[in-house]
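Trainee: attaching a predicted model along with its sequence, questions to come.
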Amino acid sequence: MMIEMARVLVVALLLTSLVMPMASAHGANDFSIIMRGSSIQPGVAEVMQNDSVTFYNVADANRTIRVDLDGDGEYDQRCETEPWNSSSVRDECSFILDWDRWPAGKYYLDVFENGTIWNTLNLTVIHDYHEEAGPPTGYSFNSEDSTNEDSSGTNDGLLAISVMLILVFLVVVNRQRVGDE
């Protein structure tokens, strides 16, 4: 009898999970750029807003990465790396691509070595869409014109499922009591 009750409970939970609303999102990623002695790998990168780009210097030279974000000819951000050294973390630096400072578009990150341009990374930043559908038609928050249910009838469906689950639970409990007597 306990096994039957457990099965009913598992089925009820599975049915409930099918009607629950779902959401999806992505986390911020870190894109790695390796600066070797004579090359930068990769030479082209495509990332999303809110990601970060980390430069790893594996050469025996100081390098500075600069970028002109607004196209006015002056560098707006920079990060510096020291020569590669296994006992230090100064051989790497990062740019965090905040959506408000890095609009979607193409950027050229100039890498300097000893005061002259050594290489350039072509970076494409893609807009990170998090558009919401907005409230349903006729929705009004905390006003006297609002009703207790939304226009899509979601509340009615959840209420019916809740009542069904309670009835199934009561039937299983009643059967267990009758079986024990």
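Mentor: Sure, I can see it.
Trainee: how about the strands in the protein?
Mentor: With strands called from DSSP state E, the chain shows them at 30-35, 40-41, 44-48, 52-57, 63-67, 77-81, 92-96, 105-113, 116-126.
Trainee: same list (those) but as a markdown table, adding mean neighbour count, mean pLDDT and distance to Phe141.
Mentor: From N, CA and C alone the C-beta is placed, and that goes for glycine too. Compiled in a markdown table, the strands of the chain are given as follows (neighbours: other C-beta atoms under 10 Å; pLDDT from 0 to 100; distance: least, C-beta to C-beta, whole Å):
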| stretch | mean neighbour count | mean pLDDT | distance to Phe141 |
| --- | --- | --- | --- |
| strand 30-35 | 18 | 93 | 39 |
| strand 40-41 | 16 | 92 | 52 |
| strand 44-48 | 15 | 92 | 32 |
| strand 52-57 | 20 | 93 | 37 |
| strand 63-67 | 20 | 95 | 42 |
| strand 77-81 | 16 | 93 | 40 |
| strand 92-96 | 18 | 92 | 34 |
| strand 105-113 | 16 | 94 | 36 |
| strand 116-126 | 15 | 93 | 33 |
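Trainee: of those, which approaches Val171 most closely?
Mentor: strand 44-48 (50.8 Å; C-beta to C-beta).
Trainee: got the CA coordinates for that closest one in CSV?
Mentor: The C-alpha trace of strand 44-48 is given here as CSV (Å, rounded to 0.1, in the frame of the first residue of the first chain):
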residue,chain,number,x,y,z
VAL,A,44,39.5,37.3,-33.9
ALA,A,45,36.9,36.9,-31.1
GLU,A,46,33.1,37.0,-30.8
VAL,A,47,31.7,37.4,-27.3
MET,A,48,28.4,38.6,-25.7
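Trainee: touching that strand from outside, list them.
Mentor: Residues from elsewhere that reach strand 44-48, judged by C-beta atoms under 8 Å, 6 or more residues apart in numbering: 26, 29, 31, 33, 53, 97, 121-128.
Trainee: returning to what we had before: out of the strands of the chain, which gets nearest to Asn155?
Mentor: strand 44-48 (35.8 Å).
Trainee: any idea which of the strands of the chain gets closest to Asn174?
Mentor: Nearest of these (C-beta to C-beta): strand 44-48, 55.0 Å.
Trainee: pairing partners for the closest one, with directions?
Mentor: Applying DSSP bridges to the sheet, strand 44-48 is found paired with strand 116-126 (parallel).
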